[in-house]
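Asker: A structural model of the following input is requested.
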Amino acid sequence: MAQTRLSGAVEFAKMLAAGGFSLDPVASAPSIEDLRRLAKRRLPTMAFDIVDGASNHEITRGANEADLREVRFRPRWLTDISRIDTATSVDGMDLKRPYVLGPLGLQRMIGGEGELGAVRAAGRANIPFTISTASNWTMEELAEQATGPLWYQLYMYKSDAIVENLISRAEEIGAEALVVTVDVPLNGKRYRDHRNGMSIPPKITPQNAVQAIRHLDWTRAIMRPPTIGFRNLKDQVQGDNAVSHQEFVAKYLANLTLTWENIEDVRRRWDGPLYIKGILTPEDARRARTVGADGIYVSNHGGRQLDSSPSSIRALPRIVDEVGAEMTVVFDSGVRTGDDIAKALAVGADLVSVGRAWGYGNAAAGEKGVLRAIEILDEELELAMGQLGATSIDALDRGFVEYPEAWHGAGMHREPETVRPAGDAPAREETRA
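Answerer: Take a look at the predicted model:
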């Protein structure tokens, strides 16, 4: 009888294995949302909210995802889909897939190796990895681990010397493209971080002590040297950086006099592809082209900056109509599925930048989790293209999607931009008695 039970158990196990059953929750995660849930279970609230949270009431963060769901597919059946090619090329760079891993900073705040595992995963997948200026490892340390293409994301800080130092170092590590973020003149107020008492480096306080004890692996990881901070600036910014993220940026880095003339200076300084990240209007897209940028990121910083900004997908059609024939348009913010990538490309983007999606994978399981996130997006993108009847990235066009006509400006009231001389105040009507 015991032998019969054992044999039955073995056969049952074989059946489970043959059916794809896995005890590894990361390897078997079917979606980015599943990786997000794994990350939420693994991390204390303070750390999870760094990846998951956004500014103020998170209106824009929610709109990014909700509006992507508003884009609907229009498939073409009876199309030969025996070969689907996801490769593409932008600004002289040949890419295996039409998306890159976008910049995410402060990744050691989630424990583990931070960006180190992510850059290794990107190399294994042969996908460009965008190093954030706010990374918790220096760009040189990340480059040592990289086996794939590197891009560099630059904040235009108040110190010209700091900016020059960062650009020079990006050149030295062989960064293929420079991504200049312009939507952080001031750091957004993130309610979750304020409620959680988030600081850099993280500190254990009475407010978060219970969660730190409940997540000892995370607590031990963040206590390992080197001290968590803005390591790309470690020789540039002096003083105590154990302050809130918002205060740190405002005190040391915020550039309140930044203008398009500064972007012209960067253009003269950088020889490779130059992209401006944070564009949400056709007017700013046109300005980016005028100062010599090769491309733009249609992005609202994942909803982490100016809350109540439009979703990126809502802003995309008018921007593509304005400059899409003249420069590279990269879509950013809200991407959680391969379907989202296909939608953005069909609406008119040339490339997609993925942020939180790989951040959830990193928070769930480090390098392994980032690889799984890439696998999920690859599988879903190819499936969507096959079901649509689009066998190449170039084939994806607006004929494959439908979305609200208002996204092209119909039925929306917008006053034209006005430029006043400095110091002039707008006229006011006299108050009636």
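
Asker: in the chain, which spans are strands?
Answerer: Read by DSSP state E, the chain holds these strands, from start to end of the chain: 72-73, 88-90, 93-95, 99-101, 129-131, 150-155, 177-181, 274-279, 295-298, 328-332, 351-354, 401-402.

Asker: surely residue 398 meets residue 349?
Answerer: No: assessed by CB atoms under 8 Å, residue 398 is found out of contact with residue 349, at 11.4 Å. The C-beta positions use only the backbone N, C-alpha and C, and glycine is treated the same way.

Asker: that older thread, would you list the strands of the chain in CSV and tack on distance to residue 368, mean neighbour count and mean pLDDT?
Answerer: Rendered in CSV, the data for the strands of the chain read as follows (distance: least, CB to CB, whole Å; neighbours: other CB atoms under 10 Å; pLDDT from 0 to 100):
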stretch, distance to residue 368, mean neighbour count, mean pLDDT
strand 72-73, 31, 13, 98
strand 88-90, 27, 17, 98
strand 93-95, 23, 15, 98
strand 99-101, 15, 27, 98
strand 129-131, 16, 28, 98
strand 150-155, 21, 24, 98
strand 177-181, 26, 25, 98
strand 274-279, 28, 26, 98
strand 295-298, 28, 29, 98
strand 328-332, 25, 26, 98
strand 351-354, 17, 26, 98
strand 401-402, 33, 16, 98
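
Asker: residue 398 and residue 349: which has the busier surroundings?
Answerer: Using other CB atoms under 10 Å as the criterion, residue 398 and residue 349 rank with residue 349 on top: 27 against 13.

Asker: which residue is the nearest non-sequential neighbour of residue 114?
Answerer: With CB to CB, 6 or more residues apart in numbering as the measure, residue 108 is the residue that lies nearest to residue 114, at 3.4 Å, once sequence neighbours are left out.

Asker: now swap in residue 312 and tell me
Answerer: Distances taken as CB to CB, 6+ apart put residue 333 closest to residue 312, at 4.0 Å, once the chain neighbours are dropped.

Asker: burial check on the one you found, number of neighbours?
Answerer: Other residues within reach of residue 333, judged by other CB under 10 Å, total 31.

Asker: got it, and the one 5 residues further on?
Answerer: Around residue 338 sit 25 other residues, with neighbours defined as other CB under 10 Å.

Asker: correct me if wrong: it contacts residue 375.
Answerer: No: in this structure, residue 338 is not within contact of residue 375 by CB under 8 Å, at 10.4 Å.

Asker: could you pull out the helices in the stretch 251-400 of the chain for me?
Answerer: In the stretch 251-400 of the chain, helices defined by DSSP state H, counting those that start in this stretch lie at 260-269, 282-290, 312-323, 338-347, 356-388, listed in chain order.

Asker: got a markdown table for those, with mean pLDDT and distance to residue 153 too?
Answerer: As requested, the helices of the stretch 251-400 of the chain are exported to a markdown table (pLDDT from 0 to 100; distance: least, CB to CB, whole Å):
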| stretch | mean pLDDT | distance to residue 153 |
| --- | --- | --- |
| helix 260-269 | 97 | 13 |
| helix 282-290 | 98 | 16 |
| helix 312-323 | 98 | 17 |
| helix 338-347 | 98 | 19 |
| helix 356-388 | 98 | 14 |
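
Asker: so which of these gets nearest residue 104?
Answerer: Closest of the helices of the stretch 251-400 of the chain to residue 104 is helix 356-388, at 5.0 Å (criterion: CB to CB).

Asker: so which of the helices of the stretch 251-400 of the chain is the most surrounded?
Answerer: helix 338-347 (a mean of 26; mean count of other CB atoms under 10 Å).

Asker: got the angle for that one vs helix 312-323?
Answerer: Our comparison of helix 338-347 with helix 312-323, counting by axes from the mean of the first three to the mean of the last three CA atoms, to 10 degrees, yields an angle of 20 degrees.
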